[in-house]
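S.K.: Just need the structure, nothing else, for what follows:
(chains A and B)
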Amino acid sequence: MSNRYELNKNLAQMLKGGVIMDVVNAEQAIIAEQAGACAVMALERVPADIRKAGGVSRMSDPKLIKEIQSAVSIPVMAKVRIGHFVEAQILEALEVDYIDESEVLTPADDQLHIEKDQFQVPFVCGAKNLGEALRRIGEGASMIRTKGEPGTGDVIEAVKHMRAMQTEISRISALPKANIRHEAKLMGAPVDLLMYVHENGKLPVVNFAAGGVATPADAAMMMQLGCDGVFVGSGIFKSGNPQKRAEAIVQAVTHYNDPKKLAEISEDLGEAMVGINISSMPEEDKMANRGW
Amino acid sequence: MKVGVLGLQGAFVEHVTILERLNVKAIIVKTKEALEEVDALIIPGGESSVMGKFMKKEGLDQIIIEKVKQGMPIWGTCAGLILLAKDVHNNPSYLNLMDISVQRNAYGRQLGSFVIEEKFAEQKIPMVFIRGPIITKVSDHVEILSVVQNEIVAARQNNILATSFHPELTSDASVHEYFIKMCQSV
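M.R.: Numbers count the residues shown, from 1 in each chain, chains lettered A, B, ... in the order given. Model prediction:
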């Protein structure tokens, strides 16, 4: 592996135990930084508004990204459409710290994801299960997150995806070595990466939770399920008191194993985002189904 | 001896792993109670703004300052170095313990991150810089331990050690060994 890829995985290690917050402008980025975000994710609209607005959703205006970059000192990430390698080239030219090849935006390619190993800048990608995570890592992603179901404030899908990954990792670790090649074929995962999981009992990169986290309890639950940190999208700026809720979610990620502390943190946060119950959502509206 | 690693955010587990490899008892410190228990402290890499904010909010900062003034050995890597400094360019300082001025993100954004082999206290080791800071000024009380590309990236002032780079991200444990020796001699 090249130095650059190692350095990119290293940056993700520095984000661990932290919260990465979606922001749509410089003011929100400043609020996020002051509330304790370890990085911000720049996008045009938070997922809840993308759902409402419909239509095609794309990479942010570079001007907006530059404004956010000059407003904060923490890492700035930004989203590109699945497979849209030119949007990624543009974000690399802007020197964003991480690119999220994201199912939240409208996919630009119905078969291929971006060849991320062709870039110097790091990538994070969503995954629903181990096979998908390893395909993305094989393409060059240096960080993984669950897809969850963005813009819903319903944590069930993030839980499902994290559990799916953990269960598959335990199963793969327990198998005889001789079975790994066959498992890789079934999963559509690169053999060398599945072998890594077999030998180490974990993904070779940092794994965050994302998609539906709306409360400190949600964030702590994802941490207890074994993720390394949390992305919060609509959950913060669609709530009654963004600053206070953001701060509480950051503290919940630190003290995820301390229920007394979580009780204190969860107190009096105002309205959570309204949310959409996923069980009543038609399959074609689910963003998690995007990506191949 | 029990070494604490501040576990508010960032790459704290990596430090614990290396300490355990060196047969040093290590605990993750998130609360005042845990902080009171330790004989030495490492502040890991991560985001200094996050750790600084919550260190203060949880009341950990005053205990750290007091303990360090009484001689507790402390080591800050990257974000940890920023938290130790008395002066941070264009930003507020946090613990005000070390007579150094630092510049955050001195190498720019992630594309400026790099790895290099250089000397730390006369020994060549791999150094990983991730959006790292540099030390721009030191007082006479501070010993310079590493200079990379003409910038100071490691220094010591009595019981305080600071490195811009991340020894916890490599398999080389020399800086951890240096810190352990420092703990034993202070």
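S.K.: So which residues make contact with the helix or strand of chain A with the lowest mean pLDDT?
M.R.: Using mean pLDDT, DSSP states H and E, helix A:47-53 stands out as the lowest-scoring helix or strand of chain A, at a mean of 87. For helix A:47-53, the external contacting residues (CB atoms under 8 Å, 6 or more residues apart in numbering or on different chains) are A:22, A:45, A:57, A:104-105, A:150-153, A:233-234, A:238, A:273, A:276, A:285, A:287. In short, each C-beta sits where N, CA and C put it, glycine included.
S.K.: just the residues you listed: which has the poorest pLDDT?
M.R.: Minimum pLDDT for the contacts of helix A:47-53 is recorded at A:Met273 (80).
S.K.: Tell me how many other residues surround that residue.
M.R.: 21 (other CB atoms under 10 Å in any protein chain shown).
S.K.: same thing with the one 3 residues further on?
M.R.: Using other CB under 10 Å as the criterion, A:Ile276 is surrounded by 17 other residues.
S.K.: ok so, going back, so how far is the following helix or strand past the least confident helix or strand of chain A off the chain centroid?
M.R.: Sequence order places helix A:62-71 as the next helix or strand after helix A:47-53, per DSSP states H and E. The chain centroid and the centroid of helix A:62-71 are separated by 21 Å under CA atoms, centre = their mean, to the nearest Å.
S.K.: same for helix A:62-71, what does it pack against?
M.R.: Judged by 3 or more CB pairs under 8 Å, 6 or more residues apart in numbering or on different chains; DSSP states H and E, the packing partners of helix A:62-71 are helix A:26-35, strand A:39-42, strand A:76-81.
S.K.: May I see the buried residues of it?
M.R.: Buried residues in helix A:62-71, defined by neighbour count with 16 or more other CB atoms under 10 Å in any protein chain shown: A:Leu64, A:Ile65, A:Lys66, A:Ile68, A:Gln69, A:Ala71.
S.K.: residues touching the most centrally placed residue in chain B, list them.
M.R.: The geometric centre of chain B, computed from its C-alpha atoms, lies nearest to B:Gly76 (CA atoms, centre = their mean), at 0.9 Å. The neighbours of B:Gly76, taking CB under 8 Å, 6+ apart as the test, are B:Ile42, B:Ile43, B:Ile82, B:Leu83, B:Leu84, B:Ile160, B:Leu161, B:Ala162, B:Thr163.
S.K.: Report whether it is found in a strand, as I expect.
M.R.: Yes: judged by DSSP: H, G, I helix; E, B strand; the rest coil, B:Gly76 forms part of a strand.
S.K.: which of the residues in the least confident helix or strand of chain A are buried?
M.R.: Neighbour-count burial for helix A:47-53 flags A:Pro47, A:Ala48, A:Asp49, A:Ile50, A:Arg51 (criterion: 16+ other CB under 10 Å).
S.K.: out of those, who's nearest A:Leu193?
M.R.: The closest of the buried residues of helix A:47-53 to A:Leu193 turns out to be A:Pro47 (CB to CB; 28.7 Å).
S.K.: The closest one and chain B: what is the separation?
M.R.: From A:Pro47 across to chain B, the span is 24 Å (CB to the nearest CB, to the nearest Å).
S.K.: what about that residue, distance to A:Met222?
M.R.: The spacing between A:Pro47 and A:Met222, counted by CB to CB, to the nearest Å, is 17 Å.
S.K.: number of nearby residues for the closest residue to B:Val148 other than its chain neighbours?
M.R.: Of all residues not flanking B:Val148 in the chain, B:Glu118 sits nearest, at 4.8 Å (CB to CB, 6 or more residues apart in numbering or on different chains). Burial of B:Glu118 is recorded as 16 neighbouring residues (other CB under 10 Å).
S.K.: now do the one 10 residues further on
M.R.: Other residues lying near B:Val128 total 22 when counted by other CB under 10 Å.
S.K.: For it, give me phi and psi.
M.R.: The phi and psi values for B:Val128, taken as degrees, to the nearest 10, are phi -110, psi 120.
S.K.: confidence score at it?
M.R.: At B:Val128, pLDDT is 98.
S.K.: For it, give the beta-bridge partners.
M.R.: With DSSP bridges as the criterion, B:Val128 is bridged to B:Val115.
S.K.: so what's it up against?
M.R.: Taking CB under 8 Å, 6+ apart, we find B:Val128 in contact with A:Glu6, A:Leu7, A:Asn10, B:Ser113, B:Val115, B:Phe165, B:His166, B:Leu169, B:Thr170.
S.K.: from what I can see the fifth one touches B:Gly132, true?
M.R.: No: between B:Val115 and B:Gly132 no contact is recorded; they are 10.9 Å apart, counting by CB atoms under 8 Å.
S.K.: gap between the residue with the largest distance to the centre of chain A and chain B?
M.R.: Among residues of chain A, the one most distant from the C-alpha centroid is A:Ala178; the distance is 32.8 Å, by CA atoms, centre = their mean. The gap separating A:Ala178 from chain B is 30 Å, by CB to the nearest CB.
S.K.: Let me know whether my guess that that residue is in a helix holds.
M.R.: Yes: the assignment for A:Ala178 by three-state DSSP puts it in a helix.
S.K.: what about A:Ala32, distance to chain B?
M.R.: According to CB to the nearest CB, A:Ala32 and chain B sit 11 Å apart.
S.K.: now A:Ala48
M.R.: 25 Å.
S.K.: Repeat that for A:Met143.
M.R.: According to CB to the nearest CB, A:Met143 stands 12 Å off from chain B.
S.K.: cool, and A:Ile137?
M.R.: For A:Ile137, the distance to chain B equals 18 Å [CB to the nearest CB].
S.K.: my guess is that residue meets A:Val197, correct?
M.R.: No: taking contacts as CB under 8 Å, A:Ile137 lies outside contact range of A:Val197: 10.0 Å.
S.K.: in the sheet, who's paired with the residue nearest to the centre of chain B?
M.R.: For B:Gly76, the beta-bridge partners under DSSP bridges are B:Ile43, B:Ala162.
S.K.: got the residues of chain B near chain A?
M.R.: B:7-14, B:30, B:45-47, B:49-50, B:53-54, B:57, B:78-79, B:91, B:104-105, B:108-111, B:113-115, B:128, B:130-131, B:166, B:169 (CB under 8 Å from any CB of the partner chain).
S.K.: Which of these fall in strands?
M.R.: With DSSP state E as the criterion, strands contain B:Phe114, B:Val115, B:Val128 from among the residues of chain B next to chain A.
S.K.: ok, A:Glu271 - how many residues close by?
M.R.: Residue crowding around A:Glu271 was assessed by other CB under 10 Å; the count is 10.
S.K.: Ignoring the adjacent residues along the chain, who's closest to A:Pro216?
M.R.: A:Ala252 (3.4 Å).
S.K.: and that neighbour, what does it touch?
M.R.: Taking CB under 8 Å, 6+ apart, one finds A:Pro216, A:Ala217, A:Ala219, A:Ala220, A:Met223, A:Leu262, A:Ile265, A:Ser266 in contact with A:Ala252.
S.K.: switch the cut-off to 6 Å
M.R.: Each residue near A:Ala252 by CB atoms under 6 Å, 6 or more residues apart in numbering or on different chains is listed here: A:Pro216, A:Ala219, A:Ala220, A:Leu262, A:Ile265.
S.K.: any chance of the helices and strands packed on helix A:62-71 in JSON lines, with mean pLDDT and mean neighbour count too?
M.R.: Formatted as JSON lines, the helices and strands packed on helix A:62-71 follow (pLDDT from 0 to 100; neighbours: other CB atoms under 10 Å in any protein chain shown):
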{"stretch": "helix A:26-35", "mean pLDDT": "97", "mean neighbour count": "20"}
{"stretch": "strand A:39-42", "mean pLDDT": "97", "mean neighbour count": "28"}
{"stretch": "strand A:76-81", "mean pLDDT": "98", "mean neighbour count": "26"}
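S.K.: Perfect, that will be all.
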